[in-house]
Each structure stands twice: as C-alpha cells, then as structure tokens.
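>>> Coordinates only, no sequence provided:
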C-alpha cells in the first residue's frame, strides 16, 4: 500500500518504513531510472528495494567501471548518474568515478554503504571516514543523521549535482540506518528537484562580445562538451549558420553541430587555433586540452570570449576579453540576436587559409590510407569501419593513439554521441561508458573503440554486457601490442623463446601482448568474437558485428609501429618563459 500523505510504502500494521526503502523511494521520487554498482554488506537490500521501485539496477564487476558508468549516465541524461557500492574498499574504488565526474563537470550521485554508527571508533567492519574521503572530489558530501532525514540529504545532494556547474556528490549510508525503521509520519517530505534556472549573461558583456566578433579578422568558435551537456545544439547551430563563423569542437563537443558541416574546420585545427585573433569558447575550458590558451598554440594577442555557467572559472588560466556567464543555450541566443544577421565573410583571407589547410591535411591522411605496409594502421582501420556506423551511433573511444586518431576519422552527427577519456584523461573508462551508453539507449547503435591497453582495464565488464543483453554494443579493440607503440613482430618472436628470469629487465614497460586473442573473452559469455588482421577480414567482421543479435567484439591487430600523422607541436607545448634578468644593485 502507498501512503498518499507521505508517498512511501508502509508496513500497514505498524505504519513504519525501513531505511533501505526510504533510500529507494526517495530516488524514485527524484526521477531516478538507472543505478549501477556492486552490492554486498550493507547495501544488498537497498539494491533490491531499488528494483522494487521499478528502477533498473545493473550489477557490474568492478566499482570503478560502475562509477564511470554512472558519470557517463549523468552526462547523457542531465540528471545525476547513480552508483551504489559497499563500504570501505568498495567506496574507495568508486572514488575514481567521482574524480572523473568532477573534472568533466558531470552530475553523479555515489551512495556508499558504511559501518553502523553505534560502532564508530570500535574498529567495526570496514569502518572508514568515507564522507571525508569523498570530499575533495565532490560538491556535497554528507551522512544522514537519522532515517527520517535520509530524503532531505539525498534531495540536497541531487540539487547540488545539477545546479551551477554540474558535478558529483556523495551520501554515506550506515548499515543500522538502512536496516532500521521509523514511523512514516516522521519522514522529511521532499519534492522533485526543479530543472536548473536559466541564467542570462550581462547584456553589456554580450554587446561587447558581438563587437569583438564583428571586428575580428580571423574569428573562430570552439564548441566544448559543456555546450553538449547544456543542450545548446539547436541555438548553436542557428548561431553558426547565421554568422557563418568557422568552428571546431573539442572531443566531446563533437556532434553538437555535425562534424560534416561545411563550416567545421576540425581538419585545420592547428592552423585555426594558432591563427585566430578572436575566439568564442562555448562550454569549453582553456585547460590542457586547449593548450591553456597560450602560445605557441595560440596567437599571443588572441582575444577569448568565454561562455560558461561557472563565474569562478573565468579568467583562468589567461585573461579573457569578455566573460559571458550564463546558460549556454540562452547566452548563444542573446549573442545571435545582438549580432542581428551579421556574417563572417566566406571570401576572406582567413577562410582561404583554413580551406588550404583542410585540403593539405586531407591529402596527408589519404597518403596514410594508401599505405601498402603488411599490417593495417589506425587510419585504415577507422576508414574501413565508418560505413558500418549509423548516423545516430554513440561512439565511445579510449586509448592514446586509438582515441586521438578516431576523433578525426570517426564522425559524429548528434550531440552527446561521443564519450572518451575527457578532461581528466582517464584510461579505463571505456567499458563502463559503453555499458551505460548501451543500457540507457537500447534503440541506438553503440560502438566502443579501444586500444588494447585501454581494454585491459575493464575487460571483464563484457560479462555484465552479455548478462544484460546489450546487443546494441560492438567493441572494437585496436591492438598494436603496447602503450603508444608495441614491438616489431620479429623481436616479439624472439621474446617468446627468452628465459623467464630476465624479462622483467628486458621487456619495455610499454609493451603488451600482441598475439592475444581478446575476442575469445566475449565468447565465454555468449557473445560474438572476431579476430582480424587485414582490411577484408575487418570489413566482414564489422558487417556481422553490427547485426545487434549479440554483444560483439572485433579484435583487430595492427602494425605495432603505427602512429599519428606528423604533428607541428609536441604534446602540452608551452612557450618557454623569458629568462629573468638580473637586477641591478
């Protein structure tokens, strides 16, 4: 029976409700639909109560993967992705997901079981100060002080996760609160959290930004994953097409405006960043992914216009010409109206420079596609895969070269359709992300592209993928036999006959097994596996894999020395500071 007054299931004899049911029913009331985790003492009954409320619970094989899945769910839905774990070591493992969600600004709620409050300080089972352990990585961390106030704390955490700059939150759930019961009349009643308020930028700042764009000789728009998260795709596409400004997305900003759009200059990224004199950054931070906004990747005199919800982040790490603090869709609409139909000239020298660079880089890629080396390279793998990817496919990409090269070769046409290592550069997120993408979007194709090193972090998550019948998931492992690069085949063969003892000093730390049959792992759980090492076999495997009648793994061995195309700048390049002159005494 349901109490119409309090909204909680009751024991109709005693008119009480248990703590575990309070947790589950509060989540239901706030709109939860999916929970990821691994259960044990003291949260097994919580997971069962969650299912009783009609909320999907997905049991995974490692708390890290479960927490990564929850973070990705938060990004895709705009509501806190939820992860449920046990106390002590289980909660510690899930901190990885909190840290990743924090750096990517994704809403996530971690629920951690903990030891009974009446055993604090006595060395109880897995007793840990989990509230403080979580605190550096979250916006809100708390332990309810009673069963009656569990709804209050969960609602506060939920609100903190989605308001302002989104981020992760933590709620500690002591075992005795979960097992205990209270009178339903004592419960704090909560309502669903309203959507975050829409915030407009200062009109004067918007006018100044419009003037900067009008006066620019070499303008550029950078679209970040903040624009994707905030559902800015409609307003941004209208803005781009009305102004005809060149744009390029960050990795997870791909698809906000389709990659094949005529105004997209991703193929001229280095020239665009280095040549622009005014750059409008929409939901993109000037962190390491955008080279801190500094020379030599950017012009020393470039002027940045920043659009972001987070006022405290403005002016970091370089001074901004204008800061438009507000909700991305609303601010872009403001800017579109103020520009009043102004257009960037398509016949300008700037556009000519960008178009030439696009053609030059395209020619370089074509040359790599035509390589006649005995083994495939990254470019050839992704070119062969592209025809099998649907326009609305969700792409998960993880690894070093695998991720970087697939970003340019595998196109995205829809927002929030690419998940990768993100702002934290986290390796090991791939299978958790892929699980969440496939579980939350059963009607869409999900393709997880991973290097062999990245796959190894969470390979066992193939088992829950099969257990939950995520048949819309295809995993493609691009195996070069190492981290960044592997060893030549001839040298690998010699190592096979080497004595065991010296291998710890002989094998380079970056080397992995190139001859492994990773595709066999999924077959153990009822999926389909394909091992390939040439284009024809890869095409045939992809054709079978995407039929969506089972979880599929395509394991493609490539040239261990395959690499990216030559780069103008080294990774994380910054201009050397001028030497300090000696002071005159």
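Nice, thanks for sending it over. Worth saying up front: this structure is predicted, and the values here are computed from it rather than measured.

>>> Where does pLDDT dip in the chain?
Within the chain, the ranges that satisfy pLDDT under 70 run 1-14, 574-585.

>>> In contact with residue 48, which residues?
The contact partners of residue 48, by CB atoms under 8 Å, 6 or more residues apart in numbering, come to residue 20. Glycine gets a C-beta too; all of them are placed from N, C-alpha and C.

>>> Okay, and it sits in which element?
helix 44-52 (DSSP states H and E).

>>> Show me what the next helix-or-strand element following that helix pairs with in its sheet, parallel or antiparallel.
Moving toward the C-terminus from helix 44-52, the next helix or strand (DSSP H and E) is strand 56-59. Applying DSSP bridges, strand 56-59 is found paired with strand 34-37 (parallel).

>>> Check what contacts the partner strand and list those residues.
If you take CB under 8 Å, 6+ apart as the criterion, strand 34-37 is touched by 27, 43, 47, 50, 55-60, 63, 66-67, 69-70, 73, 81-85, 111, 432, 435-436, 439-440.

>>> follow-up on the earlier one: in the helix holding residue 48, what counts as buried?
Buried residues in helix 44-52, counted by 16 or more other CB atoms under 10 Å: 45-47, 49-50.

>>> what do you get for stretch 369-377?
375-377.

>>> could you dump those residues to a markdown table with secondary structure and distance to residue 161?
Output for the buried residues of stretch 369-377, formatted as a markdown table (DSSP: H, G, I helix; E, B strand; the rest coil; distance: CB to CB, whole Å):
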| residue | secondary structure | distance to residue 161 |
| --- | --- | --- |
| 375 | coil | 46 |
| 376 | coil | 43 |
| 377 | coil | 42 |
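
>>> of those residues, closest to residue 254?
For the buried residues of stretch 369-377, the closest approach to residue 254 (CB to CB) belongs to residue 377, at 22.0 Å.

>>> Which residue is the nearest non-sequential neighbour of the closest one?
residue 562 (4.1 Å; CB to CB, 6 or more residues apart in numbering).

>>> Check residue 451 too.
Closest to residue 451 by CB to CB, 6+ apart is residue 399, at 2.7 Å.

>>> isn't the residue nearest to residue 377 right up against residue 371?
No: taking contacts as CB atoms under 8 Å, residue 562 lies outside contact range of residue 371: 9.1 Å.

>>> one step back: and which of the buried residues of stretch 369-377 is nearest residue 355?
Closest to residue 355, out of all of the buried residues of stretch 369-377 and judged by CB to CB, is residue 377, at 26.6 Å.

>>> ok, that closest one - contacts?
368, 371, 558-559, 562-563.

>>> Which one (most neighbours) among these?
Among the contacts of residue 377, the one with the most neighbours (other CB atoms under 10 Å) is residue 558, at 26 neighbours.

>>> Quick check: the closest residue to that residue other than its chain neighbours vs residue 43, distance?
Excluding its sequence neighbours, the residue lying closest to residue 558 (CB to CB, 6+ apart) is residue 376, at 4.6 Å. Distance, residue 376 to residue 43, by CB to CB, to the nearest Å: 46 Å.

>>> ok so, going back, which residues are in contact with the residue nearest to residue 377?
Residue 562 makes contact with 375-378, 401, 480, 485 under the criterion CB under 8 Å, 6+ apart.

>>> what do you get for residue 293?
Listed by CB under 8 Å, 6+ apart, the contact set of residue 293 reads 286, 302, 304, 317-318.

>>> let's see 10 Å
For residue 293, the contact set (CB atoms under 10 Å, 6 or more residues apart in numbering) comprises 273, 279, 281, 285-287, 302, 304, 306, 316-320.

>>> Also residue 159?
Counting by CB under 10 Å, 6+ apart, residue 159 touches 30, 80, 139-140, 169, 190, 193-194, 196.

>>> That one: which element?
Secondary structure from DSSP H and E places residue 159 in helix 150-162.

>>> Beyond that helix, next helix or strand please.
The helix or strand immediately downstream of helix 150-162 is strand 168-174, counting by DSSP H and E.

>>> Roughly how far does the residue nearest to residue 377 sit from residue 378?
Relative to residue 378, and taking CB to CB, residue 562 is found at 5 Å.

>>> what is in contact with the two at once?
In contact with both residue 562 and residue 378: 368, 401-402, 405, 478, 480, using CB under 10 Å, 6+ apart.

>>> Mind checking which of the residues you listed land in helices?
368, 401-402, 405 (DSSP state H).

>>> residue ranges for the strands of the stretch 251-400 of the chain, please.
Secondary structure of the stretch 251-400 of the chain (DSSP state E, counting those that start in this stretch): strands at 278-282, 303-308, 322-325, 394-398.

>>> will you turn the ones you listed into JSON lines that also has distance to residue 292 and mean neighbour count?
JSON lines is the format used below for these (distance: least, CB to CB, whole Å; neighbours: other CB atoms under 10 Å):
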{"stretch": "strand 278-282", "distance to residue 292": "12", "mean neighbour count": "27"}
{"stretch": "strand 303-308", "distance to residue 292": "11", "mean neighbour count": "26"}
{"stretch": "strand 322-325", "distance to residue 292": "17", "mean neighbour count": "22"}
{"stretch": "strand 394-398", "distance to residue 292": "24", "mean neighbour count": "27"}
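
>>> Show me the one of those strands that comes nearest residue 96.
Among those, if distance is taken as CB to CB, the winner is strand 394-398, at 14.2 Å.
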